[in-house]
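Participant: What shape does this take:
(chains A and B)
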Amino acid sequence: AQSVAQPEDQVNVAEGNPLTVKCTYSVSGNPYLFWYVQYPNRGLQFLLKYITGDNLVKGSYGFEAEFNKSQTSFHLKKPSALVSDSALYFCAVFEGNTGKLIFGQGTTLQVKP
Amino acid sequence: KAGVTQTPRYLIKTRGQQVTLSCSPISGHRSVSWYQQTPGQGLQFLFEYFSETQRNKGNFPGRFSGRQFSNSRSEMNVSTLELGDSALYLCASSSRQLAGGQETQYFGPGTRLLVL
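Facilitator: Now for the predicted structure:
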């Protein structure tokens, strides 16, 4: 069955350090993978989407995600974290066969100065 | 250009009633998708419409329905409201479908529904 897991409820990182928010998925067929961010009082925003092709997908605000088919992972990364990156991050997978989009439970990123 | 708008922003209903929420996409966008966000269940996908046709659907009961008009505006209807339907309902618009190419989704501010 289609599923998405974000194994960490919270990730803490110091400003200027690289950050990684983890996501693993299970889906039949080729997945479409997404990352979204929800800033406090600013609504949900689309960050990036993987369809096919290059395993490294670049998105908004300097974020990128690495698709790893063998590990069924799609981790979100940024080389240098900003305090303003503190937010709730959601990974999602769309399965073309079923037409369903499934979200992970979300990971809170806390970047400290 | 104007962003995605949702009306109303806040709504209070009682159990058993029905409700209709509206979403106006960015001009030129033909895809509108709907989502439910609750503290307990997190983010869940309701359905996606593209060019007036429902293309994809999540795991929600038939009480949840939607439609899209020729101007791409979309409505979502929930009949026979239950307490558990209290949630933030978000819509997003895009020029391509979820299963389409690389294209940004733009989210509206949401409609917060409280069912008493």
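Participant: Tell me who's in contact with the residue nearest the centre of chain B.
Facilitator: Among the residues of chain B, the one closest to the centroid is B:W34, at 3.0 Å (CA atoms, centre = their mean). By CB atoms under 8 Å, 6 or more residues apart in numbering or on different chains, B:W34 lies in contact with B:C23, B:F45, B:L46, B:F47, B:E48, B:G66, B:S74, B:M76, B:Y89, B:L90, B:C91. In short, each C-beta sits where N, CA and C put it, glycine included.
Participant: what's the closest non-adjacent residue to the first one?
Facilitator: In this structure, B:C23 finds its nearest non-sequential neighbour in B:C91, 3.6 Å apart by CB to CB, 6 or more residues apart in numbering or on different chains.
Participant: if we can go back for a sec, neighbour-wise, which of the contacts of B:W34 leads?
Facilitator: B:C91 (30 neighbours; other CB atoms under 10 Å in any protein chain shown).
Participant: in a helix, that's where that one is, yeah?
Facilitator: No. B:C91: not assigned to a helix; according to DSSP: H, G, I helix; E, B strand; the rest coil it is strand.
Participant: my guess is it meets B:P109, correct?
Facilitator: No. With contact defined as CB atoms under 8 Å, B:C91 and B:P109 do not form a contacting pair (9.7 Å).
Participant: list residues touching both of those two?
Facilitator: Both B:C91 and B:P109 are in contact with B:Q6, where contact means CB under 8 Å, 6+ apart.
Participant: I'd assumed B:Q54 was in contact with A:G99.
Facilitator: No. A:G99 is not in contact with B:Q54 according to CB under 8 Å; the separation is 9.3 Å.
Participant: between these two, which one's more packed in?
Facilitator: A:G99 (18 against 14).
Participant: Which pLDDT value goes with B:K1?
Facilitator: B:K1 carries a pLDDT score of 67 in this model.
Participant: Pull the number of nearby residues for residue 40.
Facilitator: Just so you know, I chose chain A. By other CB under 10 Å, 8 other residues sit near A:P40.
Participant: actually it's chain B I care about, not the one you picked
Facilitator: For B:G40, using other CB under 10 Å, the count is 6.
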